[in-house]
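Colleague: Here is my input; please provide its structure:
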Amino acid sequence: MKKVLFLLLIFAIGCAGDNAGTKATGEASRSKDSKASVQADSKETTKPKETSAGEKADDSAENGKSNAVKNAEEYFVISDDPTVAKYFDMGRGSFVDYYLPEKRKGQGNEYSVRVRKYSWGAADTSYYREDANYFYSYYPEAKMESVLLPKQVHLGQKWFETMGSWSYEVVALDKTLNYFDREYKDLIEVLCTRLIENEATKKKMSYTMFYAKDHGLVASLSEGRMISYFIELKKDF
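Modeller: As a prediction, the model looks like this:
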């Protein structure tokens, strides 16, 4: 259970890894992007090199992966309805995600505010925005943003989180999951790998995130074990 809770804290803001100024997981914060970060002073964002339709991921050729591009514009949903929440089952607990009506400004951008409330009373807050090419997460304490998900994805596509502690790779474009009698098809699967080894196990922790069209993030698994799974939309939460 402790491992599940630790993984869930990382899962809390989507597919995010370590950020120096973010305290949700102690010293490890959440992340995302191929050095796709906005620096507090320069506000320069480095985009993942593999996002355009004509480019291959760095290792796609060696692995024999297809370069078919999938439009992911509807695979992450930033809601503008504060009265609706997404309900996720965790097996031994649950949480709801919902957006607040107000926005937050940071580094010259405006972010939607998403709150996550857990069944045991804990809560955390995440900040998201999008432009023509990417979905972003913003980390107020670090004054940086990272790419959460490119809007054009293909197999083998990779990027790194802001501080370089996590890597992300698109490993499937048509995944199917079925838990709690709820099936999702045509999912984008992203493998998230921590590049810093665990001191105790000497292993690099990893988990997978699954995005569904019109629903956004719907599931997170670690070593084949379900961490959280989207069940339904709720009005009373």
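
Colleague: just the strands in this protein please.
Modeller: For the chain, strands defined by DSSP state E occupy the ranges 69-71, 85-89, 94-106, 109-118, 123-130, 134-139, 144-150, 152-154, 158-160, 166-179, 182-194, 206-212, 216-222, 225-234.

Colleague: deepest of those strands, which one?
Modeller: Mean neighbours per residue, mean count of other CB atoms under 10 Å, is largest over the strands of the chain for strand 144-150, with a mean of 28. Where C-beta positions appear, they are placed from N, C-alpha and C, glycine not excepted.

Colleague: Mind giving me the packing neighbours of it?
Modeller: Contact partners of strand 144-150 among helices and strands, from 3 or more CB pairs under 8 Å, 6 or more residues apart in numbering; DSSP states H and E: strand 134-139.

Colleague: and Tyr138, bridged to which residues?
Modeller: Listed beta-bridge partners, Tyr138: Tyr127, Glu145 (assigned using DSSP bridges).

Colleague: Can you give me the pLDDT of it?
Modeller: Tyr138 is assigned 94 on the pLDDT scale.

Colleague: and what of Lys204?
Modeller: The predicted local confidence for Lys204 comes out at a pLDDT of 82.

Colleague: pretty sure it contacts Ser167?
Modeller: No: using CB atoms under 8 Å as the test, Lys204 is too far from Ser167 to be in contact (9.4 Å).

Colleague: anything in contact with each of these two?
Modeller: Taking CB atoms under 8 Å, 6 or more residues apart in numbering as the contact rule, the neighbours common to Lys204 and Ser167 are Thr193, Leu195.
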